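1. here is my input, please return the structure:
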Amino acid sequence: MGLSIGMYFLYRSVSAIFTHFNHANIRVPLWLDKPISLIFVSPNMHKAHHHYKRPLTDSNFSNIFSVWDRLFGTFVYEDPKNLRYGLDVLEDSTDENLRYQLKIPFDKTIKTDY
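-> Just a heads-up that it's a prediction; the model follows:
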C-alpha cells in the first residue's frame, strides 16, 4: 500500500483510541464538543449515526478526522439529547429480549431494512 508498517500501527492505535473514546458512555459539554468536532470526531458528533432513523444513520462515518465527513457531505451535528438508538423498522417491545435479538440475523421474516 506504500505505507510503512510503523505508520500503519500508528493509525490503528489512534483509531482504537478514538473508537473507544467515541463509544464510551460520556457526554462532553456542547461548548467543548462543537469546537473539537471541527477537526476531530467527537463523542456527541459520532453518536448521530447511531440514531434510529435515516438520514442520521447515514452520516458521520469518519473515525479520527471529521474533515472527511465534511468533504463528502456526510457530516451532521445533532444534540445527543435528541437522539434515540435502535432501528426504526423493529418494534420497541422486543428491544430488550435477548433471544429475539439473537434470532434476527437468521430469521428472514424479520425485516431489518427498507
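2. average model confidence for stretch 58-69?
-> This predicted structure assigns stretch 58-69 an average pLDDT of 88.
3. chain center to that stretch, what's the gap?
-> Relative to the mean C-alpha coordinate of its chain, stretch 58-69 is positioned 9 Å out (CA atoms, centre = their mean, to the nearest Å).
4. and stretch 55-75, by the same measure?
-> For stretch 55-75 - counting by CA atoms, centre = their mean - the centre lies 10 Å from the chain centre.
5. okay, and the helix or strand of the protein with the least pLDDT?
-> Among the helices and strands of the chain, helix 43-47 carries the lowest confidence by mean pLDDT, DSSP states H and E, at a mean of 85.
6. following element in sequence after it, please.
-> Note on helix 43-47: by DSSP states H and E, the next helix or strand toward the C-terminus is helix 67-72.
7. can you mark which positions in that following helix are buried?
-> Applying a neighbour-count criterion of 16 or more other CB atoms under 10 Å, the buried positions in helix 67-72 are residue 69. Using the backbone N, CA and C atoms, a C-beta is placed for each residue, glycine as well.
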